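In: Build me a model from this:
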Amino acid sequence: MTYEELIKQTALADDRIVVMTAENRALIRNLPAVLGPRFIDTGITEQTLIGAAAGLALRGRVPILHALATFLTLRAFEFIRTDVGIGQLPVKLSGFVPGFLSDGNGPTHQAIEDVSLMRGIPGMTVFAPADEQDMLAMLPAIWASPAPAYVRVNTRPAMYEHAPFEIGKAEIVAEGTDVTILTYGMLFEQTLVARELLQAQGKSVGLINLRSLKPIDEAALLDVVRRGSLIVTVEDHFVTGGLYSILAEVLLRNQLTARVLPLALEERWYRPGRLSAVLEYEGFTGHHIARRITEHLGESGAAIAEGPAVLENEFAE
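Out: Below is the predicted model of the structure:
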């Protein structure tokens, strides 16, 4: 099963589905011949894309939209907020090459504030699958929901057999007493590596895949906080507005505090390059994550082993 095959099967079974794109066909290039007039390419016009989708949704359609994540969430933000958000329309946004997956591109093409923007819209749901397997398991529920949705598209191969998906629920990969890593999206694969490296050093390390960012699994977060371990948030996003901010909001709302180490981009964009080079330079390989956690705990990270080589990104825009 691929993204294209899943969307094809979904559309053929439900004639309300309309597949739309702003000239971004990498994952759906064979669908025009299958769907005919239910495939619409507006060209490089993300604002028009959103406006047209809102109109279709008002007439009972369920549009599934595709564009580069940075232009979808930034250039068309007002249209998403106003045309889709105010009306609470079932428009589904698929953001391509979000975060570090836009590896070779400079700041104009880096969607590293998208989670912050999208979760700020009332009623908008936000999802970030860990890999392609995770994404394909998540999408049927997301597309079937009446709520508007933003999905960080991720076609990375699976490194883990995921649990069944439920909107608003976290995937508890492991529980730990020393450290718990919270993450989402493509960095899940690197946190798996970091956990193994830390376990090899005698640490008890938990790992949670927060693939549903809005609604967030508040109960899972509170459970981790009450266990008292160091909490590490790992995300390919600005530190402001993403998972670190979500956790802070949950803590304050429940009058709690915790030891938290945020690993995110602080007040800057990342240096472009091949994905392996980006993760190495920015400090987000499994090895770097494990070392940064170890050093935060006041120990030397010199003994942390190197992790496996990073699989390069399939797509480049």
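In: Got the phi and psi for the residue nearest to residue 32 when sequence neighbours are not counted?
Out: Once flanking residues are discounted, residue 32 sits nearest to residue 39: 4.5 Å by C-beta to C-beta, 6 or more residues apart in numbering. For the C-beta atoms, the positions are set from N, CA and C on the backbone; glycine is no exception. Backbone geometry at residue 39, expressed as degrees, to the nearest 10, gives phi -120, psi 120.
In: tally of neighbours for residue 39?
Out: Residue 39 has 18 neighbours, counted by other C-beta atoms under 10 Å.
In: need the contact list for it.
Out: Counting by C-beta atoms under 8 Å, 6 or more residues apart in numbering, residue 39 touches 18, 19, 20, 28, 31, 32.
In: for residue 213, phi and psi?
Out: Phi and psi for residue 213, reported as degrees, to the nearest 10, are phi -90, psi -30.
In: Residue 272 looks like it's in a helix, true?
Out: No. With DSSP: H, G, I helix; E, B strand; the rest coil as the criterion, residue 272 is located in coil rather than a helix.
In: Go ahead and confirm it touches residue 106.
Out: Yes. Contact status for residue 272 versus residue 106: in contact at 5.3 Å, counting by C-beta atoms under 8 Å.
In: More neighbours: the two, which one.
Out: Using other C-beta under 10 Å as the criterion, residue 272 and residue 106 rank with residue 272 on top: 17 against 11.
In: Could you measure from the more buried one over to residue 109?
Out: Residue 272 is 9 Å from residue 109, where distance means C-beta to C-beta, to the nearest Å.
In: quick one, phi/psi of the residue nearest to residue 183 when sequence neighbours are not counted?
Out: For residue 183, ignoring the flanking residues on the chain, the nearest one in space by C-beta to C-beta, 6+ apart is residue 234 at 4.2 Å. Dihedral angles of residue 234 (phi, psi; degrees, to the nearest 10) stand at phi -120, psi 120.
In: Next: the one 3 residues further on.
Out: Summarising the backbone geometry of residue 237 under the convention degrees, to the nearest 10, its torsions are phi -160, psi 160.
In: can you pull out the strands in this structure?
Out: Listed in chain order, the strands of the chain (DSSP state E) span 17-21, 39-41, 62-68, 92-96, 125-127, 149-152, 171-174, 179-183, 205-209, 212-214, 230-238, 260-265.
In: In the stretch 101-250 of the chain, where is pLDDT below threshold?
Out: For the stretch 101-250 of the chain, no stretch is flagged by pLDDT under 70.
In: Domain ranges for the chain, per the record?
Out: Domain ranges of the chain: 3-152, 171-296, per automatic domain parsing.
In: How far off centre is the last one?
Out: Put plainly, it is domain 171-296. Relative to its parent chain, domain 171-296 has a centroid offset of 13 Å by C-alpha atoms, centre = their mean, to the nearest Å.
In: what about that domain, how long is it end to end?
Out: One end of domain 171-296 sits 25 Å from the other (C-alpha to C-alpha, to the nearest Å).
In: The first one now?
Out: Here the two ends of domain 3-152 are set 13 Å apart, with distance taken as C-alpha to C-alpha.
In: What of stretch 141-151?
Out: 12 Å.
In: Any buried residues in it, and which?
Out: Under the neighbour-count criterion of 16 or more other C-beta atoms under 10 Å, stretch 141-151 has 142, 143, 147, 148, 149, 150, 151 buried.
In: Which of these sits closest to residue 51?
Out: The nearest member of those to residue 51, counting by C-beta to C-beta, is residue 148 at 14.1 Å.
In: is it true that the closest one touches residue 126?
Out: No. Residue 148 is not in contact with residue 126 according to C-beta under 8 Å; the separation is 9.9 Å.
In: who are the neighbours in contact with residue 18?
Out: Contacts of residue 18 (C-beta under 8 Å, 6+ apart): 11, 38, 39, 40, 53, 56, 61, 62, 63, 64.
In: what sits against residue 153?
Out: By C-beta under 8 Å, 6+ apart, the residues touching residue 153 are 3, 27, 69, 94, 95, 96, 97, 98, 135.
In: What distance do you get for residue 251 to residue 263?
Out: Separation of residue 251 from residue 263 (C-beta to C-beta): 18 Å.
In: neighbour count winner among these two?
Out: residue 263 (26 against 17).
In: For stretch 245-261, report the contacting residues that lie outside it.
Out: Counting by C-beta under 8 Å, 6+ apart, 116, 119, 182, 213, 216, 218, 221-222, 225-226, 229-233, 239, 244, 292-293, 296 sit against stretch 245-261.
In: Whichever of those end up buried, select them in ChimeraX.
Out: Buried members of the contacts of stretch 245-261, identified by 16+ other C-beta under 10 Å, are gathered into one ChimeraX selection as follows:
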select :116,119,182,213,216,221,222,225,229,230,231,232,233,239,244,292,293
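In: Leaving out sequence neighbours, find the closest residue to residue 166.
Out: Using C-beta to C-beta, 6+ apart, the nearest residue to residue 166 is residue 141, at 7.4 Å.
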